[in-house]
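Visitor: Got a predicted model here, sequence first, then my questions.
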Amino acid sequence: MPSILDRFRLDGQTVAITGASSGFGHHFAGVLAAAGARVILGARRVEKIEERVEEIRAAGGEALGLPLDVVDRASLANFLDAAWEAMGSLDVFIQNAGVEAGAKTYLTIEEEDWDRVLDTNLKSVWLGAKLYTERVISADQSRGNIVNIGSITSYRHVKGQFPYAVSKAGLTKATEILALEGARYGIRVNALAPGYILTDVSRVLLEGPGSEEFAKRIPQRRYGEFEDLDGPLLLLTSDASTYMTGSTIVVDGGHICAEL
Ligand SMILES: NC(=O)c1ccc[n+]([C@@H]2O[C@H](COP(=O)([O-])OP(=O)(O)OC[C@H]3O[C@@H](n4cnc5c(N)ncnc54)[C@H](OP(=O)(O)O)[C@@H]3O)[C@@H](O)[C@H]2O)c1
């Protein structure tokens, strides 16, 4: 039996990450490669993906970049097929791609905002899980691991994040049902729900006029850093969490415990 610290290693494992051209996905790729994984990065901005792949290779890691648009079923299928073909297996699939609609309420969003956010953040999570599971079954892999990137907006809200929060609440529920139904194929499904960390998705709020006051409502009184996600990410992607499925881990400095 490997030691508990060894169980956090990802040597020989292949991990595909959606939305790896910036923000969390870009960071995750480096963390997972450093833990020994062979990483496959997908997103629409292929030049950014290629830059990241080069950085990871230069640091001694194994990485591959592929074009991916998660709202396009054929693109998702091609991504998974190409990842499998290049690596021979796909042990972990991290569904991280996400968008927000800007500071809009239910009254001010338009149908296209709703469709873009729900299609990217939620429908793709179902479709990605379905396409991944089909390939786990046909490859006779008999085990798989899906990690969905949720958000604390699944539990608590601020005005102006209507479709985004709805999509993330749906993702939490989807994670539980995918876990329930995926277990018979040896697939476990968990989610990571970060609090606020500065990226393009959170920029409107975190660089807006009320940002300092907003941070004071977080019990730890600061926004998160990418590195705050590393421990929970390695737990969920590795064999250190083999008895976990259907769970969502919140990483938010206590934000959802803030007093009313
Ligand atoms: N930052 C936060 O405070 C925070 C908190 C909780 C949860 N999250 C979640 O974390 C995840 C990553 O977001 P982030 O904060 O790192 O923001 P980000 O820097 O804007 O990253 C979003 C990523 O998603 C990709 N993406 C968007 N639409 C896509 C599509 N149709 N197909 C493929 N990739 C697509 C983008 O790549 P391309 O544009 O190149 O395709 C980009 O790589 C999202 O699910 C977000 O909701 C963020």
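Guide: Cool, the structure landed. Numbering: from 1, shown residues only.

Visitor: tell me the mean pLDDT for the helix or strand harbouring residue 192?
Guide: Per DSSP states H and E, residue 192 falls inside strand 187-194. What strand 187-194 shows for mean pLDDT is 98.

Visitor: elements contacting that strand?
Guide: helix 124-138, strand 144-149, helix 162-182, helix 230-237, strand 248-251 (3 or more Cβ pairs under 8 Å, 6 or more residues apart in numbering; DSSP states H and E). All C-beta spots, glycine's among them, are computed from the backbone N, C-alpha and C.

Visitor: hey, which of those is tucked in deepest?
Guide: strand 144-149 (a mean of 26; mean count of other Cβ atoms under 10 Å).

Visitor: what's the angle from it to strand 187-194?
Guide: Strand 144-149 runs at 20 degrees relative to strand 187-194, counting by axes from the mean of the first three to the mean of the last three Cα atoms, to 10 degrees.

Visitor: How about residues contacting strand 144-149?
Guide: 24, 90-96, 98, 125, 128-129, 132-133, 136, 171, 174-175, 178, 182, 185-192, 194, 233, 236-237 (Cβ atoms under 8 Å, 6 or more residues apart in numbering).

Visitor: which of the residues you listed are close to the ligand?
Guide: 24, 96, 98, 194 (Cβ under 6 Å from any ligand atom).

Visitor: Let me have the helices and strands packed on strand 187-194 in a markdown table, extended by distance to residue 45 and mean pLDDT.
Guide: Listed next are the helices and strands packed on strand 187-194 as a markdown table, based on distance: least, Cβ to Cβ, whole Å; pLDDT from 0 to 100:
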| stretch | distance to residue 45 | mean pLDDT |
| --- | --- | --- |
| helix 124-138 | 17 | 98 |
| strand 144-149 | 18 | 98 |
| helix 162-182 | 21 | 98 |
| helix 230-237 | 22 | 98 |
| strand 248-251 | 26 | 98 |
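
Visitor: so which of the ones you listed gets nearest residue 48?
Guide: strand 144-149 (17.9 Å; Cβ to Cβ).

Visitor: Listing partners with orientation, what would you give for the closest one?
Guide: strand 92-95 (parallel), strand 187-194 (parallel) (DSSP bridges).

Visitor: is any part of the next helix or strand after the last one close to the ligand?
Guide: Downstream of strand 187-194, the first helix or strand assigned by DSSP H and E is helix 203-206. No: if you take Cβ under 6 Å from any ligand atom as the test, helix 203-206 misses the ligand, and the best it gets is 7.3 Å.

Visitor: and if you look at stretch 37-50?
Guide: Yes: in terms of Cβ under 6 Å from any ligand atom, part of stretch 37-50 sits within range of the ligand, namely 43-45.

Visitor: ok, which residues in the stretch 101-250 of the chain are in contact with the ligand?
Guide: Within the stretch 101-250 of the chain, the residues that sit near the ligand (Cβ under 6 Å from any ligand atom) are 120, 149, 151, 194, 196-197, 199-202.

Visitor: 8 Å instead?
Guide: Within the stretch 101-250 of the chain, the positions near the ligand by Cβ under 8 Å from any ligand atom are 119-121, 124, 149-153, 164, 168, 193-202, 206, 223-224.

Visitor: follow-up on the earlier one: mind checking which of the ones next to the ligand among the contacts of strand 144-149 are in strands?
Guide: residue 194 (DSSP state E).
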